[in-house]
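Trainee: sequence and predicted model, in that order:
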Amino acid sequence: MTIDIRRFSSDQADFSAQMDALLAWEAVSDHQVQQIVTDILADVKKRGDAAVVEYSNRFDHLHAQSMSELELGQEQLQQALDTLPQAQRDALLKAAERVRSYHEKQKQDSWQYREADGTLLGQKVTPMDRVGIYVPGGKAAYPSSVLMNAIPAHVAGVNEIIMVVPTPGGELNQLVLAAAAVAGVNRVFTIGGAQAVAALAYGTDTVPGVDKIVGPGNIFVATAKRQVFGTVGIDMIAGPSEILVVCDGKTDPDWIAMDLFSQAEHDEDAQAILVSPDAGFLDQVKASIDKLLPDMQRADIIRASLTGRAALIKVADMDEAMEVTNRIAPEHLELSVEDPQALLPQIRHAGAIFMGRHTSEALGDYCAGPNHVLPTSGTARFSSPLGVYDFQKRSSLIMCSPDGASELGQVASVLARGEQLEAHARSAEYRIKK
Ligand SMILES: NC(=O)c1ccc[n+]([C@@H]2O[C@H](COP(=O)([O-])OP(=O)(O)OC[C@H]3O[C@@H](n4cnc5c(N)ncnc54)[C@H](O)[C@@H]3O)[C@@H](O)[C@H]2O)c1
Ligand SMILES: N[C@H](CO)Cc1c[nH]c[nH+]1
Ligand SMILES: [Zn+2]
């Protein structure tokens, strides 16, 4: 059975319209979800632990009497790590080590410099005190995402990392707990949804309030994060996964088909796109897709994703492939070509760029080192992968020498009087040398 994937070519008259249709996707958060979330947030803010326990019992089918039953101790995390099958433990530790050493390079340091008159200017970098990491529950719980969210926070020097993860039916995911142990998570609460976001944002008697909440989740979680933004910081609101592969037609078509599947299998709304100047190669990849799909474990999800939002795009040449790429601004970009370095200068918008035929996106999801939390839905035009910098903040430093204060005072005074702010002007003028 062949699968029906959108296919078009840049020499078609309606190419631009085809591209617009490809990019049309918006997260739906209907009015009802907004209201449910608003009510849960208000209730947790008012009643704290009692409300969190009630919502957790209702939505996750638990029977907890108090919040203390919804916290896991460090020994449970360590035990999860100790009892993992050796191969999984080794892989987790290896991945964590590589993610940590990559992120070490992102650390920003404080700096200062002195001007000729002795005035000192600078920037002081400080980690956040406490951050919250949301880990989705159920089938979508990814231990790799625990590493990708917690390790940068740890490297930044965050004092306390609080993880929340719902456990529908009370079922614990041992790999997630083991990843929390490896990544240096300080406390874990088995709560989820809007009530977990509220507990982190406002704090309760048991759950400490945090400064920033990161991590993906379903529509209730995403809506709650948007609503608490301002009280706390948040990371991006992640959309469905995306992959765009640019191929010169010389990579094994089975490899490319599987790379497209690798993001399509995340969910029905995921997007997989192949761009090539070689029409015959697009035919070959299509044949590989039809051949490989029936045996995939998540064939139904992949099929839904490929028939819904995927595309095979024929372009005139690599220059045009780069234009298409920049227009889409994909979360993941694979350059499956002989000389990816040659294309790099033309790429302006992409979350992560996987260079060369051997660099499958899946390696980046787990263990290459860079973060797998990336901007989606075209937001790579203005945002970046999650990193250490998301857990650090900056304070400006200014220390004027008497000469510096005198000189700057004259400038400030003129500007302040232009704004009709007398106190500003006089405060500056007091420091002008007579
Ligand atoms: N982008 C990424 O990197 C990434 C990674 C993993 C998961 N995800 C996304 O995370 C999501 C996981 O979803 P999930 O539902 O399995 O787990 P989740 O943890 O996001 O949500 C579960 C919680 O939702 C709340 N909830 C469920 N139904 C509710 C209702 N009717 N009213 C109020 N609250 C309700 C409950 O409190 C429950 O604990 C998926 O949307 C998946 O796409 C994204
Ligand atoms: N590709 C996902 C982010 O877009 C991350 C992930 C986790 N596990 C596998 N993949
Ligand atoms: Zn993935």
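Mentor: The structure has been received and is ready for your questions. Ligands and ions are numbered 1, 2, ... in the order given.

Trainee: in stretch 133-150, what counts as buried?
Mentor: For stretch 133-150, burial by neighbour count (16 or more other CB atoms under 10 Å) applies to 133-137, 141-150. Placement of C-beta: from N, CA and C, glycine included.

Trainee: can you give me the buried ones in stretch 105-117?
Mentor: 106-107.

Trainee: to clarify, my last question referred to stretch 373-390.
Mentor: Buried residues in stretch 373-390, defined by neighbour count with 16+ other CB under 10 Å: 373-380, 385-390.

Trainee: of those, which ones also sit close to ligand 1?
Mentor: When the buried residues of stretch 373-390 are checked against ligand 1 using CB under 6 Å from any ligand atom, none falls in range.

Trainee: just curious, which of these is nearest to ligand 2?
Mentor: The closest of the buried residues of stretch 373-390 to ligand 2 turns out to be L374 (CB to the nearest ligand atom; 6.1 Å).

Trainee: quick one: the closest residue to the closest one other than its chain neighbours from D319, how far?
Mentor: Take L374 and drop its neighbours on the chain: the residue closest to it by CB to CB, 6 or more residues apart in numbering is G351, 3.2 Å away. Shown here: G351 relative to D319, a distance of 22 Å by CB to CB, to the nearest Å.

Trainee: check contacts around the residue in the stretch 201-350 of the chain positioned nearest to ligand 2.
Mentor: Proximity of the stretch 201-350 of the chain to ligand 2 (CB to the nearest ligand atom) peaks at S241, 3.8 Å away. With contacts defined as CB atoms under 8 Å, 6 or more residues apart in numbering, S241 is in contact with 263, 266-267, 270-271, 331-332, 376.

Trainee: what's the lowest-pLDDT member of the residues you listed?
Mentor: Within the contacts of S241, pLDDT reaches its minimum at D267, with 90.

Trainee: which positions in the stretch 201-350 of the chain make contact with ligand 1?
Mentor: Near ligand 1, when you scan the stretch 201-350 of the chain using CB under 6 Å from any ligand atom, you find 216-218, 220-221, 238, 267.

Trainee: any of those buried? List them.
Mentor: When these are checked for burial by 16+ other CB under 10 Å, the buried set is 216-218, 220-221, 238.

Trainee: can you map out the strands along the stretch 251-400 of the chain?
Mentor: Counting by DSSP state E, counting those that start in this stretch, one finds strands in the stretch 251-400 of the chain at the ranges 271-276, 311-314, 332-336, 352-355, 392-399.

Trainee: reformat these as CSV; add distance to I191 and mean neighbour count.
Mentor: Formatted as CSV, these follow (distance: least, CB to CB, whole Å; neighbours: other CB atoms under 10 Å):
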stretch, distance to I191, mean neighbour count
strand 271-276, 31, 27
strand 311-314, 39, 22
strand 332-336, 31, 27
strand 352-355, 31, 20
strand 392-399, 27, 13
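
Trainee: for V232, which of those is the nearest?
Mentor: Nearest to V232 among those is strand 392-399 (12.9 Å), distances taken as CB to CB.

Trainee: could you find the closest non-adjacent residue to D14?
Mentor: F8 (8.0 Å).

Trainee: closest one of the buried residues of stretch 133-150 to K45?
Mentor: Nearest to K45 among those, with distances taken as CB to CB, is Y134, at 17.7 Å.

Trainee: just to revisit the earlier point, I'd say the residue nearest to D14 and Q18 touch.
Mentor: Yes: assessed by CB atoms under 8 Å, F8 is found in contact with Q18 at 4.5 Å.

Trainee: anything in contact with each of those two?
Mentor: Common contacts of F8 and Q18 (CB under 8 Å, 6+ apart): A311.

Trainee: re the thing from before, near ligand 1 too, which of the buried residues of stretch 133-150?
Mentor: Answer for these near ligand 1 (CB under 6 Å from any ligand atom): 136-137, 142, 145.

Trainee: mind checking which of these are in helices?
Mentor: Residues of these located in helices (DSSP state H): S145.

Trainee: report the two of the ones next to ligand 1 among the buried residues of stretch 133-150 separated the most.
Mentor: Farthest-apart pair in those is G137 and S145; separation 12.2 Å (CB to CB).

Trainee: show me where the stretch 51-200 of the chain has its strands.
Mentor: Ranges of strands in the stretch 51-200 of the chain, per DSSP E, counting those that start in this stretch, are 71-72, 111-114, 120-127, 130-134, 160-164, 187-189.

Trainee: in CSV: these, plus distance to ligand 2 and mean pLDDT.
Mentor: Shown next, in CSV, are the strands of the stretch 51-200 of the chain (distance: least, CB to the nearest ligand atom, whole Å; pLDDT from 0 to 100):
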stretch, distance to ligand 2, mean pLDDT
strand 71-72, 22, 96
strand 111-114, 33, 98
strand 120-127, 25, 98
strand 130-134, 14, 97
strand 160-164, 16, 98
strand 187-189, 19, 97
